[in-house]
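Visitor: After the sequence you'll find the predicted model.
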Amino acid sequence: MNRSRIIGVATVIVVIVCMMAPTVVLGQTDGPVASGHIIDGDYGYGMPPNASKDGHNVDNLIHILHWFMLALFVAWGIFFVYCLMRFRARAGHRATYDPVKAKVSKYAEIGVAAFEAFLLIGLSMPIWAATKNEPPAKELATHVRVVAEQFQWNFHYPGTDGTFGRTAAAFVDTVDNPLGLDRSDPAAEDDVFATELHLPVNKPVICDLTSKDVIHSFFLPVMRVKQDVIPGMRIPVWFTPVKEGRYEVACAQLCGNNHYSMRAEMVIEDDASFATWLEEVGKVEEFDEDELD
Amino acid sequence: MSGDHHHEPSFIRKYVFSVDHKVIGIQYGVTALCFLFLGFCLIMMMRWQLAYPGETMPIIGNLFGEAAMPGGVMLPEFYNSLGAMHGTIMIFLGVVPLLVGAFGNYVMPLQIGAPDMAFPKLNMLSYWSYFLGGVVMLASFFVPGGAANSGWTSYPPLSDIATTGQTWWLFGMVCLITSSLLGSVNFIVTIVQLRVEGLTMFRLPFFVWAQLITSFLLLLAFPPLEAAGVLQLMDRLAGTSFFLPEGLVVSGVVQTQISGGGSPILWQHLFWFLAHPEVYVLILPAMGMVAEIISINTRKPLWGYRAMIYSTIFLGFMSFIVWAHHMFMTGMGTKISAFFATTTMIISIPSVVILTAMVISLYQGAIRFTVPMLFALAFLPMFAIGGLTGLPLGLPASDIHLHDTYYVIGHFHYVVAPGTIFAIFAGIYHWFPKITGRTLNKTLGYIHFAFSFIFINIIFMPMFWQGMAGVSRRLYDQTVYAHGDAVQSLTVISSWGAWMLGLAQIPFIINFFISIKAGKKVSDNPWEATTLEWSAPSPPPHGNFATVPVVYRGPYEYSVPGASSDYIPQHITTEA
Amino acid sequence: MSLKAFHIIFVIFSSLTALGFGFWAIRHYRLHCELAALIVGIASLVGCAMLIIYGKWFLRKLRGVSYL
Amino acid sequence: MKLSMITLAAAFAINTITFTPTPCQAGDKNVITGKIIFKGDLAKYKRTKINTSKDPNCKKSKKTIGSEKVIINKKTDPLTLRNVVVSIKSGLGDKVFPVSKEELKVTQFGCQYKPHIIAGQSGQTLRILNGDNTNHNIHFLPKVNDEHNFTQPKKDMVKGKTIVLKAEDPFKVKCDVHPWMNCYIAVFEHPFFDVTGKDGTFKLAGMPDGSYTIQAWHESFGTVTAEAEISGNTIVTKDMTFEP
Amino acid sequence: MSAEVLPYTVKPHPVTGLYNGKFGIWLFLASEVMLFGALFSTYIFLRIGAPETGPTAWPTGEQTHLSWKLGGLNTLILILSSVTMVMAWVQFKMDNLAKGRMYLIATAVLAIAFVAIKLKFEYMHKFHLGIKPSTSVFFAIYFTMTGLHALHIIGGVVVIAYFIGPGAKLWHENREYYTNRIECTGLYWHFVDLVWIFLFPILYLL
């Protein structure tokens, strides 16, 4: 066995080892979450659980894409490795000057292009259009304003009247009034602020995203929702939660020193609990002086 | 030529402020390799924090002072600085100067038979401008608040309100952009004007073509970033609000001193208008080098040479109209998204063509597994993975879940790290004999290759799983999220891969320095190659060629039937 | 493209600017009744004509110089 | 009351320790003291509980925390205000006073700054410590001092961070991770300042003979001033009232 | 030294018809087009995005505090300077150093006049009114674009001054080379003036 063959075989082995390396750890689970939060759902090496009505579309697309990618890569890789082994330099072997005439590559390229066109027009665009084009009817949906700031998610519920109170930068107080709600506005009376996103299950949700300072990104992994939150713009996103539980809200865009701790929790619950929560969260409890101070 | 009457220039004129493209190429190469190493050191430090969040970094942890790493624990602001500077250094100070400044400068004029670049003084100026930019970037680590920490993309408003390091970053970028602009003017003029007789455009080696298209991309894509940089400097220094809307409340303080009326999106458009072509700046010269090396080592003409050139031109053109696929999540309308998704799918086709051409070139060849060839071959599957994983990111629907996650990191690192950097190594091993007259040690080269290849995959492969799990990029500590904590073990693997990759470079570094002085001496054309640079002496003297060569044929005449040897150099008149 | 060709392009753009500016100034005069605007406007239109004449003269003068 | 006695004693002790003794001069034992009285609607300024559910690590060290914007000492008669910075505003002329060598300290504990008001002298150092097992971001919002904005992601990160202060009107320091968390820093050119505690009293001591304007500052109610004349090692009592 | 060795430094390339310098300057101008193009795009982006009313609305007419008279005068000056620039080149082509130099001096004087008007009467006037780049987005883009343009003008003046003074040495060594350099300068100068011809209407008139 000559040297080039050894190298060829070694290369193949190396490729396989490298592809396998990460999968070695699959199936292991780490300890409890370091932050001490209790979050529902089974998280592991695949995609996070899906708790929204339309999330499976995104998942399906990602899965199809990866099978396609894998098939292409394997086919390509087989040809590649075959060439390396078959056409290595050795005594009595000479390269051919004339180019390969086979049309296979052309057909392969056309095939790839066609499949890409299908992915784009047949799969991606409809999903994108379905999730982005038409918001759900306002009357049927839970409406929440999401205001991002360094490094906090604020959720603003309109309360029973269904209209949000007026807000302005001048009223902002970091402790009592993070969103700058104008208390004199009658619509503001029943408005509720929260740092947790509670939502009723099986009902569409419209989130209006705004930011007070820098660009953030509103990421709900279990809802397959991600949308940049850009100061000076109000961007709506919508989705329908279908699975009750406690989930995470993440920031996906670098927003400063503590980008990583810009985390909030999302609770999907039945209508009754949601109503109770909405009632409770707005209440201000008095702090007893004698309580540890 | 001028050799007979010119006197020996002083040391400074010859080696520091030289106007010889070869010296400048080496200057670029050495500086950029240093920066590449520095950029890698930064990420090795970050990988500690990622793998073992909040734990004291052993040995070097205490070297960085209270403001960065009190007690050896990395602070988030320092982590962000390292992240931003890793990106900046790798792209603007490492890879581009190596590919274009070093290899382009050294090899391209030789390949076209030119005595030098068209504007030698401009060439020197562009190196020193690059050097100045690098110094400014390095110095920014020592200003209060540390180096830029808003990511290499420097999205405002974050970068507008960031610490002083950001201003230095912008100044550094202006220097680097100036350098690239001067360089690209020089390259294009040289390639178009200074080709020797007989060397038509379609007899140019593919590497030269790649340099030409790259130069056009640099020339046309960089100025918008320069404009954006100027605007951001105005925002930071003159208090304008190009990127700031009204009514900002930062840390509870209403920003009344700014007028508002700007848009954060404006920066993203200007930035990505550069930064997408920049991706092709990073990959095209690498493809050019790989194509050269593959052709030489398969002893066979490049398959589909013209198709590759047309693809490259098309790629260059298309790269200007895909930029907003980086911005699917900014709330653009669905129609605009559809347009950019379509152009993105279209631009994938020429890449597929180039990759196919290169792999088909192997077919019916006689492959020599030399060290440069191994790196070049490894480039192909790595680039394939990088390219394929771009697919889910280019489609808006799947991008929803993967945008700004580790999937993106994995994707573009597969293109530029195992891709471009492997091509760079291939280039170093390949042209080292031309530059020094000696070869690098083979055994050390094989060791370097094998370990680099294994570890670089161990670094980046897990990132796809992390990304799928939904772990956002640029997180100081991903374990605060349940989905991040669940895949923390992958981070540890990735980190160990990075540190091992660092160790794997030791054979190369040893090899490099020893071989300069003590490597095996070789002939002018050790690889039995056809292109013009191998007809010059090694190392080439001032003025490059003893007699100006004339070209009679295309660049890849290997294994021509009936010829006595298996290659016919471009400048040989008739077959012997 | 030589300086000659670029100069011709420049003259074309200049005359267009002069034309546009002339009309703008006359409109400005009608809106604000500023006499200076009328004068400048007319001057600008005359300047436009002069630029065209100059362009022709320039072309004649540089007949021997290449456009490249 | 016992508490106020202790506070007084403590204040006295601190004053005697921290002030480097200068050559004996008239007025060394001058004391201006008094109460910061609150006259207003008590119901309007109830303290509220702060919801710390965002970060469970805040809960671990303490059960609940209350807002600190307005703290009225309900047990004193008349009602007094806590966290008021009292200082000599003018009257000292160009006199220069030695700077205390003692380090000021603020600890982040239970996701609150302890103490809530930090008063110090120009040139004094402030040490910032993290006593919580969570990430804090300390963001200074000053006009004169340097704008510090840094993190302390871990508990007891070695020695904390030290900062040398410059004289400035009270400015806010906030935590960008826990939006309810803030404190104020007041820095003076001289050592004659005090912060009211649970008894609502203050004591400024050791100033030279003279007539002074003293100022009381509260984060929600602003400032009130009063005139005081002092000579010959006497104690002057000067109550000040906030009427929001 | 190396310039003489390199082909097509002075004589045009038979295929492209350009000497290296001219090719280079055109490429440089292409990148300048992209630079100013990005700024013009910024202008359009901001203007389209500006609300109809309110503090961030786009100023019109009087609100801009820009004097169309000064702007128009400066436009005239720049057009004239382009004419003198091209005349200088023509004179050098006709082997007339003295006359060509005179035209170069005229160009430089006109350029300095432009900058003087810009700084003394326009910028200073705005600063007196308390208008700074931070006043509004309009003034931000106004100061940025005109400032960058003025820097280009100053750069051009430096180059022209060089060719009037020390650079003229080349004339005696290689007339064609010198004339070529003047042509390149002229191309740059025309480009800078052309930028102004676009700047003037969008900032002062529209």
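Guide: Here it is on my side, so go on.
Visitor: going forward, measure contacts between C-alpha atoms and count neighbours the same way
Guide: Fine.
Visitor: Skipping its backbone neighbours, what lies nearest residue 203 in space?
Guide: Answering for chain A, as no chain was given. A:T240 (5.7 Å; CA to CA, 6 or more residues apart in numbering or on different chains).
Visitor: I was thinking of chain E, sorry if that wasn't clear
Guide: E:Y142 (6.9 Å).
Visitor: Roughly how far does that neighbour sit from B:A210?
Guide: 39 Å (CA to CA, to the nearest Å).
Visitor: Looking at the two, which has the bigger crowd around it?
Guide: B:A210 (27 against 20; other CA atoms under 10 Å in any protein chain shown).
Visitor: And the pLDDT for A:A95?
Guide: The model reports A:A95 with a pLDDT of 88.
Visitor: Give me the helices and strands touching the strand or helix carrying the residue nearest to E:L203, please.
Guide: Here E:Y142 sits within helix E:137-164, counting by DSSP states H and E. If you count contacts as 3 or more CA pairs under 8 Å, 6 or more residues apart in numbering or on different chains; DSSP states H and E, helix E:137-164 packs onto helix E:20-49, helix E:97-116, helix E:175-200.
Visitor: give me that answer again for 10 Å
Guide: helix B:206-233, helix E:20-49, helix E:97-116, helix E:169-173, helix E:175-200 (3 or more CA pairs under 10 Å, 6 or more residues apart in numbering or on different chains; DSSP states H and E).
Visitor: Name the stretch from those where average model confidence is lowest.
Guide: When I compare these, helix E:169-173 is least confident, with a mean of 90.
Visitor: how far is that helix from where the chain is centred?
Guide: Helix E:169-173 sits 26 Å away from the centroid of its parent chain (CA atoms, centre = their mean, to the nearest Å).
Visitor: Is chain B within reach of it?
Guide: No: on the criterion CA under 10 Å from any CA of the partner chain, helix E:169-173 is out of touch with chain B, staying 16.9 Å away.
Visitor: related to what we said a few turns ago, residue contacts, the residue nearest to A:K203?
Guide: A:51-55, A:136, A:141-142, A:199-206, A:223 (CA atoms under 10 Å, 6 or more residues apart in numbering or on different chains).
Visitor: got it, and B:S215?
Guide: B:100, B:104, B:180-188, B:209, B:221, B:281, B:285, B:316.
Visitor: What's the separation between it and B:W209?
Guide: B:S215 is 10 Å from B:W209, by CA to CA.
Visitor: which neighbours do the two share?
Guide: Joint contacts of B:S215 and B:W209 (CA under 10 Å, 6+ apart) are B:P285.
Visitor: Is it correct that the residue nearest to E:L203 is in contact with E:P133?
Guide: Yes: counting by CA atoms under 10 Å, E:P133 is a contact partner of E:Y142 at 7.8 Å.
Visitor: do stretch C:32-42 and chain E meet at all?
Guide: Yes: judged by CA under 10 Å from any CA, stretch C:32-42 comes into contact with chain E at C:A36, C:A37, C:V40.
Visitor: Tell me the one of those residues nearest D:P142?
Guide: Closest approach to D:P142 among the residues of stretch C:32-42 next to chain E (CA to CA): C:A37, at 51.9 Å.
Visitor: Excluding sequence neighbours, find me the nearest residue to A:N257.
Guide: That would be B:E77: by CA to CA, 6+ apart, it lies 5.0 Å from A:N257.
Visitor: before we move on, which element is the one you found in?
Guide: helix B:76-88.
Visitor: What is that helix packed up against?
Guide: Right, helix B:76-88 is packed against helix B:21-51, helix B:120-139, helix B:165-193, strand D:149-152 by 3+ CA pairs under 10 Å, 6+ apart.
Visitor: With respect to these, which exhibits the lowest mean confidence?
Guide: Among the helices and strands packed on helix B:76-88, strand D:149-152 scores lowest, with a mean of 89.
Visitor: moving C-terminal of that strand, what's the next helix or strand?
Guide: Next element after strand D:149-152 (DSSP H and E): strand D:161-164.
Visitor: Remind me what that following strand packs against, helices and strands.
Guide: Strand D:161-164 packs on strand D:104-109, strand D:125-130, strand D:149-152, going by 3+ CA pairs under 10 Å, 6+ apart.
Visitor: residues in contact with C:H7?
Guide: By CA under 10 Å, 6+ apart, the neighbours of C:H7 are C:F13, C:G55, C:F58, C:L59, E:S82, E:V83, E:M85, E:V86, E:G186, E:L187, E:H190, E:F191.
Visitor: ok, back up a step: most tightly surrounded among the helices and strands packed on helix E:137-164?
Guide: helix B:206-233 (a mean of 25; mean count of other CA atoms under 10 Å in any protein chain shown).
Visitor: Centre of the chain to the next helix or strand after that helix, how far?
Guide: Downstream of helix B:206-233, the first helix or strand assigned by DSSP H and E is strand B:249-250. Its chain's C-alpha centre and that of strand B:249-250 lie 37 Å apart, by CA atoms, centre = their mean.
Visitor: what about strand B:249-250 and chain A, any contact?
Guide: Yes: interface with chain A: strand B:249-250 contributes B:V249, B:V250 (CA under 10 Å from any CA).
Visitor: Tell me which other helices or strands that strand touches.
Guide: Helices and strands touching strand B:249-250, by 3+ CA pairs under 10 Å, 6+ apart: there are none.
Visitor: neighbouring contacts of that strand?
Guide: A:149-150, A:169-170, A:172, A:174, A:178-180, A:211-214, A:231, B:157-158, B:161, B:255-256, D:176.
Visitor: Pretty sure C:Y67 sits against C:I9.
Guide: No: look at C:Y67 against C:I9 with CA under 10 Å: they stay out of range, at 11.5 Å.
Visitor: model confidence over stretch B:491-507, on average?
Guide: 94.
Visitor: List the buried residues of it.
Guide: B:491-502, B:504-505, B:507 (16 or more other CA atoms under 10 Å in any protein chain shown).
Visitor: Convert that stretch to PDB, retaining C-alpha atoms only.
Guide: Provided in PDB are the C-alpha atoms of stretch B:491-507 (Å, rounded to 0.1, in the frame of the first residue of the first chain):
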ATOM      1  CA  THR B 491     -20.000  24.300  24.100                       C
ATOM      2  CA  VAL B 492     -17.500  22.500  26.100                       C
ATOM      3  CA  ILE B 493     -16.600  20.200  23.200                       C
ATOM      4  CA  SER B 494     -16.400  23.200  20.900                       C
ATOM      5  CA  SER B 495     -14.100  25.000  23.300                       C
ATOM      6  CA  TRP B 496     -11.800  22.100  23.700                       C
ATOM      7  CA  GLY B 497     -11.700  21.800  19.900                       C
ATOM      8  CA  ALA B 498     -10.600  25.500  19.800                       C
ATOM      9  CA  TRP B 499      -7.800  25.000  22.300                       C
ATOM     10  CA  MET B 500      -6.600  21.800  20.600                       C
ATOM     11  CA  LEU B 501      -6.700  23.600  17.300                       C
ATOM     12  CA  GLY B 502      -4.400  26.200  18.900                       C
ATOM     13  CA  LEU B 503      -2.000  23.400  19.800                       C
ATOM     14  CA  ALA B 504      -2.200  22.000  16.300                       C
ATOM     15  CA  GLN B 505      -0.700  25.100  14.900                       C
ATOM     16  CA  ILE B 506       2.500  24.600  16.800                       C
ATOM     17  CA  PRO B 507       4.000  22.200  14.200                       C
END
